[in-house]
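Colleague: Structure for the following, please:
(chains A, B, C and D)
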Protein chains: 2
Amino acid sequence: MAEEEKTTEKLILDAARKVFLEKGFDGARMQNIADEAGINKALVHYYFRSKEKLFDAIFLEVFSGFFPKVSEIMFSDIAFEKKIELFVDKYIDMLTANPFLPIFMLHEMHRNPEKVVQLMKKTGLNPGKFIGQLVINIPGQSEPIDMRHFIVNLLGLCVFPFVARPILKGMLFNNDDKEIAKFLSQRKAIVTEVLIKSIKAK
Amino acid sequence: MAEEEKTTEKLILDAARKVFLEKGFDGARMQNIADEAGINKALVHYYFRSKEKLFDAIFLEVFSGFFPKVSEIMFSDIAFEKKIELFVDKYIDMLTANPFLPIFMLHEMHRNPEKVVQLMKKTGLNPGKFIGQLVINIPGQSEPIDMRHFIVNLLGLCVFPFVARPILKGMLFNNDDKEIAKFLSQRKAIVTEVLIKSIKAK
DNA sequence: GTCTATATGGCGATAGAC
DNA sequence: GTCTATCGCCATATAGAC
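Modeller: Numbers count the residues shown, from 1 in each chain, chains lettered A, B, ... in the order given. As a prediction, the model looks like this:
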């Protein structure tokens, strides 16, 4: 496939992403990253000068992926309930493919909230678009829903089982990997149903 | 109130709890803890021998608090819907009083999952009790609900806005502290309503 | 028990040969 | 560009006076 010739920079970035996601900034070691990339520690510094700068490169990339590219879905003409279903489907796919991503993001946001604000601007993420739709009327509901709470419900229901996986595994599934994988795969349907019920009138 | 005479050990534990909760194990420094306690660094080692041992003491204590003492509620004769309301009320009170607790727990669980399993036994936390009630029938619902998904929904809806507070603050509330505090105080009612709707028939 | 001073090791970062 | 060797700092931990 002619892909064998990876550049050194790409090797380092792949290694750094893996190590930072697993251990976080404080837990990661430049030596780990060099080992993972199969190169020397000095070379990592040669390409990225400092741990901080390398981390920033990874964080920026990962941050962009944390909020999936679903603007097309959100602002399309699809019915609201169908939008929810599509969003949950895409988001849980992403979480399944990147299980360490949410806990990494949440931890680093606490460690350095200023950086998040700064990076939000770089990625062009625009909260204003959402705020513009804060209160939405759905046919058949008694009163308008607060979109902020709805979004938090949506994200919480999707993300929580992934960030809490280690403890759920121990407490609810006797450390059975297959059982928890099965459980997580059921989340799409569960979350969608809960969210749709949540916007119906009592 | 005659409480001024705190023992040195208590001073250290209080300081360690604060620092570990804020920074995590990797980010915390023994010097920070000593400073916070107003004593010397060597004294911390004199009482707890190592950072690891001090951390274990804190983690055990904090872990016990993460799953609130609501067994009485859960296994009482109160109607199921009222149980939900009481649980959410207590849990969100706890999260409000200890905002760093969930992100700390989740991060450390990822860093060292074995320790969690080990500590679960020490605390006497018994998942079996829950598993015994895995599927529950509520009057007026079409089919039995899976209690595991219900518990995950419950915890996710309560916990997520607290662990994601830094980013929510930036993205949805323009970094306005009052606004996000108000938002969080509304979660009790929102979460209770969503959960109750979730167990009703479609 | 509590302190100051110090040992010991690890990690980020750089120097310099190739 | 890539390596080996090493510097300098900082963090955990201990020694030893009081």
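
Colleague: so where is chain A shaky, pLDDT-wise?
Modeller: For chain A, applying pLDDT under 70 flags the ranges A:1-4, A:67-71, A:125-142.

Colleague: quick one: stretch A:150-166 to chain centroid distance?
Modeller: 10 Å (C-alpha atoms, centre = their mean, to the nearest Å).

Colleague: can you tell me which helix in chain A is longest?
Modeller: Assignment by DSSP state H gives helix A:177-198 as the longest helix of chain A.

Colleague: So A:S76, which state does it fall into?
Modeller: At A:S76 the chain is in coil, as set by DSSP: H, G, I helix; E, B strand; the rest coil.

Colleague: from what I can see it touches A:K83, true?
Modeller: Yes: using C-beta atoms under 8 Å, A:S76 is in contact with A:K83, at 7.4 Å. All C-beta spots, glycine's among them, are computed from the backbone N, C-alpha and C.

Colleague: got the residues of chain A near DNA strand C?
Modeller: Listed as neighbours of DNA strand C in chain A under the rule C-beta under 7 Å from any atom of the strand: A:28-31, A:41-42, A:45-46, A:49-52.

Colleague: Highest neighbour count among those residues?
Modeller: Highest neighbour count within the residues of chain A next to DNA strand C, by other C-beta atoms under 10 Å in any protein chain shown: A:A28, with 21 neighbours.

Colleague: Against chain B, how distant is it?
Modeller: 9 Å (C-beta to the nearest C-beta, to the nearest Å).

Colleague: Pull the helix or strand containing A:E52 out as PDB, backbone CA atoms only.
Modeller: Using DSSP states H and E, A:E52 maps to helix A:51-66. Backbone C-alpha positions of helix A:51-66 (Å, rounded to 0.1, in the frame of the first residue of the first chain) are rendered in PDB as follows:
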ATOM      1  CA  LYS A  51       6.800  18.500  26.000                       C
ATOM      2  CA  GLU A  52       4.400  21.400  26.300                       C
ATOM      3  CA  LYS A  53       4.500  22.300  22.600                       C
ATOM      4  CA  LEU A  54       4.100  18.600  21.600                       C
ATOM      5  CA  PHE A  55       1.200  18.300  24.000                       C
ATOM      6  CA  ASP A  56      -0.400  21.400  22.500                       C
ATOM      7  CA  ALA A  57      -0.200  19.900  19.000                       C
ATOM      8  CA  ILE A  58      -2.000  16.800  20.200                       C
ATOM      9  CA  PHE A  59      -4.500  18.600  22.400                       C
ATOM     10  CA  LEU A  60      -5.600  20.800  19.500                       C
ATOM     11  CA  GLU A  61      -6.100  17.900  17.200                       C
ATOM     12  CA  VAL A  62      -7.900  15.800  19.800                       C
ATOM     13  CA  PHE A  63     -10.000  18.800  20.900                       C
ATOM     14  CA  SER A  64     -11.300  19.300  17.400                       C
ATOM     15  CA  GLY A  65     -12.500  15.600  17.400                       C
ATOM     16  CA  PHE A  66     -14.200  15.800  20.700                       C
END
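
Colleague: Between the residues of chain A next to DNA strand C, which sits nearest DNA strand D?
Modeller: Among the residues of chain A next to DNA strand C, A:A42 lies closest to DNA strand D (C-beta to the nearest atom of the strand), at 3.2 Å.

Colleague: The helix holding A:E52 - contacts with which helices or strands?
Modeller: In terms of contacts (3 or more C-beta pairs under 8 Å, 6 or more residues apart in numbering or on different chains; DSSP states H and E), helix A:51-66 is packed against helix A:8-27, helix A:41-48, helix A:101-111, helix A:113-123.

Colleague: So which of these is nearest A:I180?
Modeller: Nearest to A:I180 among the helices and strands packed on helix A:51-66 is helix A:101-111; the distance by C-beta to C-beta comes to 15.4 Å.
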